[in-house]
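Participant: Curious how this folds, go ahead:
(2 chains)
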Amino acid sequence: MIRWRFTAMGEAAILAEAETVDHEAANRAALAAAAALEADPPPGLRAVVPAIASLLVAFDPLTTPHATIEARLRRLLAAPMAHASHGRLVEIPVRYGGVDGPDLEEVARALGMAPARVVELHTAAPLRVQMIGFAPGYPYLGPLPPALHLPRRATPRARVPAGSVAIAAGLSGIYPAPLPGGWHLIGRTTLRLFDAAADPPALLAPGDRVQFTAV
Amino acid sequence: MIEVVAAGPLLTVQDLGRPGARRSGVPQGGAMDAFALAAANRLVGNPVNEAGLEITAGGAELIIRCAALVAVTGGDLGATLDGRPLPLWTATRVMAGARLRLAGRRGAWGARAYLAVAGGIAVAPALGSRSTDLAGAFGGFGGRALRSGDQLPVGVAEHDPGLARGRRWPEALRPAYGPLPTLRLIAGPHLDCFAPGVLEALSAATLRIGASSNRMGYRLEGATLAYARPCSLPSLGVVPGVIQVPPDGAPILLMADAQTTGGYPIVGTVIGPDLPLAAQLLPGDALRLVVTTLDEALAVARYMAAALAASPEGGDEELLAALAGAPG
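Facilitator: I've put the predicted structure just below:
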C-alpha cells in the first residue's frame, strides 16, 4: 500500500506525492485517480496533472474546500485499480540512428550492446505515457527495460530538433518542438506531437501506451 | 481597431489564461496581474476573462482607431491620452484616433499596465484562451509579442459603454500594491531537502528580482537556500507561485508562463491573491516573503474575490467567474 503525502500548493492546489521508490505503482495510481477525477469533476476543478509519482489537482477553493478534494484523492489513490482506465495504443514510427539519432552509437557503447540491440529493446513492448510535462505535448514514457537505463547527458544540448526520440533515467521522451534537452537522442519521428490548433492539442495523453517501431 | 505604434519591451494580448490546458503540458499563461486585468474588464463592462493588452515597463504607444470605452489598470506607467494624463483604474470614453502612451514607471513600483476595451481584443481563441503563449508561439496575436504596425481587432461591446464612463475602481478594493511588497507563501512540500531554518532564512531576507526574470519566472536574489542533502525529485506538477530551488540554492518564483512540471525541490508557494504584487515588480525591485497558513490564504482569496465582485456593475454571472478566477 503506497503512502501519499498531501500538501497545499498555494491556496488553490493540492499536491499528492507518493512516499515510495516504486514509481511504477505510484504512477499507475496517479493516472487512474486523474482519470476518475476528470470523468466526474468536482465543482471548481481547474486542472489535473498526473506525474511520475505524484498528482497535482488545481481547483477553486472557494467553490470546493480543500478537505473535500483531499478526501476524494485519498479514496481514489487508495483503490486505484477500481478506476483503472485503458489508454489508447499509439504506434510511433521512428528512424533510429544516423542524423536522426546522433547519440545511438554512444548510447550503445555506454550500455555495452550493439546499436541494433538498443533499437530492439526500445521497440520490444509498448511504453506507458507516465506524464505530459516539461513542454507542451512532451510525453514521459516508461518504464524502459533496465538494460536501457542510463543517466542524462553530462552537457545538455541548446536545441534538440522536433520529433527527436530520446532516452534517459529509465524513461523515453519525444521532443514536440525544437527545445533545449539533456536526454540521449536515438531516433526521430515525423509524427506531430503537439498542435495548438488541434483538439486535443497533444497527440498523447497520460495513460496512453506507445509502441515504437523502426522504419 | 487598435494600432500599435510602439510596443516597448513586451506588449502582449492576455486574458486569464488556460488552466485546463495544463493536462497537455501547456502553461496556464494569462495576465501576470490577473486582478488588474479582471478589474479593467469590469470597468468597461466586459466579462472578467475578456482579452486585453498587457503593457510591460512602458515605452508603448497605441492609437485607438474606433470610439471606445477603455480602462487602464495595474501599475502606473505614466499613461497619457492625447498628451494629457489618463486617470488609472477609471473607465474612460475615447474618440476615434485617440493616442495612448505609456512612457514608463513614474513612482516607486509598477511593472505592468492593462488596457481593457469594451468588447475586448477580438483575436481568435486557442486552447480556450486568447492569451499569448510566447514559448509555444500560439494564441493572442499570431502567437507573438506585438510590434509596431500591428492592428488589433476590437469586439462588439455587450453593454452600452456610455453607462460606465467615469467609473473608478476604489483604491481600497485593489491589491496592496507598493514598493517592497510582502508576499505570503504556504510552506512545503520539500522542506526536508533544506537545512533547518530555511523558512526563517527566506523570511528574514530582502530579496531582489534578478535580471533574467520574465513571464515564466523570477530569479530571487538575496538568499541562498542550500540543500541539506542531494535532493533529486521525480518531475511533478507545479503552479504559478511555486518557489523552486535549483542546486545553486537561488530560489525561482514561477510566474504565469511557467512550465507545467518541474523537478527541483519546492520550498513554498506564494498565494494566488499576492501574485499581482509580484507582477508589478521589475528586475532590481525588492520584495519580502512571509509564511502564512492555508486558512489565512483562503480568507485573503475570499476578500479579493469580494473586491472584484464589488465593482458597481458586477452581475451574478461575472461574480461567479471572478470567484473561479477562471475562463467563462
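Participant: Contacts made by the host helix or strand of A:Arg75 with the rest, please.
Facilitator: Using DSSP states H and E, A:Arg75 sits within helix A:66-78. Helix A:66-78 has contacts (Cβ atoms under 8 Å, 6 or more residues apart in numbering or on different chains) with A:1-2, A:4, A:6, A:8, A:14, A:16, A:29-30, A:32-33, A:36-37, A:42, A:55, A:57, A:59, A:83, B:294. Placement of C-beta: from N, CA and C, glycine included.
Participant: Now, these that are in strands?
Facilitator: Of the contacts of helix A:66-78, the ones assigned to strands by DSSP state E are A:Trp4, A:Phe6, A:Ala8, A:Ile14, A:Ala16, A:Leu55, A:Val57, A:Phe59.
Participant: now the fourth one, nearest residue through space, not along the chain?
Facilitator: On the basis of Cβ to Cβ, 6 or more residues apart in numbering or on different chains, the spatially nearest residue to A:Ile14 that is not a chain neighbour turns out to be A:Val57, at 5.2 Å.
Participant: of the ones in strands among the contacts of helix A:66-78, closest to chain B?
Facilitator: Ranked by distance to chain B (Cβ to the nearest Cβ), these are led by A:Ala8 at 5.0 Å.
Participant: For that closest one, grab the count of nearby residues.
Facilitator: As a burial measure, A:Ala8 scores 22 neighbours (other Cβ atoms under 10 Å in any protein chain shown).
Participant: how close does it get to A:Asp195?
Facilitator: For A:Ala8, the distance to A:Asp195 (Cβ to Cβ, to the nearest Å) stands at 35 Å.
Participant: how about low-confidence regions in chain A?
Facilitator: Scanning chain A for pLDDT under 70 picks out the ranges A:80-86.
Participant: mind running it again at 50?
Facilitator: Along chain A, no part satisfies pLDDT under 50.
Participant: Show me where it has its strands.
Facilitator: A:4-8, A:13-18, A:45-51, A:54-59, A:89-96, A:127-132, A:139-142, A:157-160, A:164-168, A:171-174, A:179-181, A:184-188, A:209-214.
Participant: what does stretch A:102-117 rub up against?
Facilitator: Under Cβ under 8 Å, 6+ apart, the answer for stretch A:102-117 is A:96-98, A:118-119, A:147-148, A:150, A:153, A:166-167, A:184-187.
Participant: Select from these the one having the most neighbours.
Facilitator: Of those, with other Cβ under 10 Å as the count, A:Gly187 tops at 30 neighbours.
Participant: isn't that one right next to A:Arg95, touching?
Facilitator: Yes. The criterion here is Cβ atoms under 8 Å, and A:Gly187 meets it with A:Arg95 at 5.7 Å.
Participant: Next, show the common contact partners of those two.
Facilitator: Counting by Cβ under 8 Å, 6+ apart, the common neighbours of A:Gly187 and A:Arg95 are A:Gly101, A:Ala214.
Participant: Is chain B within reach of the helix ranked longest in chain A?
Facilitator: Assignment by DSSP state H gives helix A:23-39 as the longest helix of chain A. Yes. Helix A:23-39 lies within reach of chain B by Cβ under 8 Å from any Cβ of the partner chain, at A:His23, A:Glu38.
Participant: What are the buried residues along that helix?
Facilitator: For helix A:23-39, a neighbour-count test (16 or more other Cβ atoms under 10 Å in any protein chain shown) marks A:23-24, A:26-37 as buried.
Participant: what's the angle between the helix holding A:Arg75 and strand A:4-8?
Facilitator: 160 degrees (axes from the mean of the first three to the mean of the last three Cα atoms, to 10 degrees).
Participant: Need the pLDDT of the closest residue to A:Ala197 other than its chain neighbours.
Facilitator: Excluding the flanking residues, the one nearest A:Ala197 by Cβ to Cβ, 6+ apart is B:Ala126, at 7.1 Å. B:Ala126 carries a pLDDT score of 96 in this model.
Participant: thinking B:Ala126 is in contact with B:Gly142, fair?
Facilitator: No. Using Cβ under 8 Å, B:Ala126 makes no contact with B:Gly142, being 10.6 Å away.
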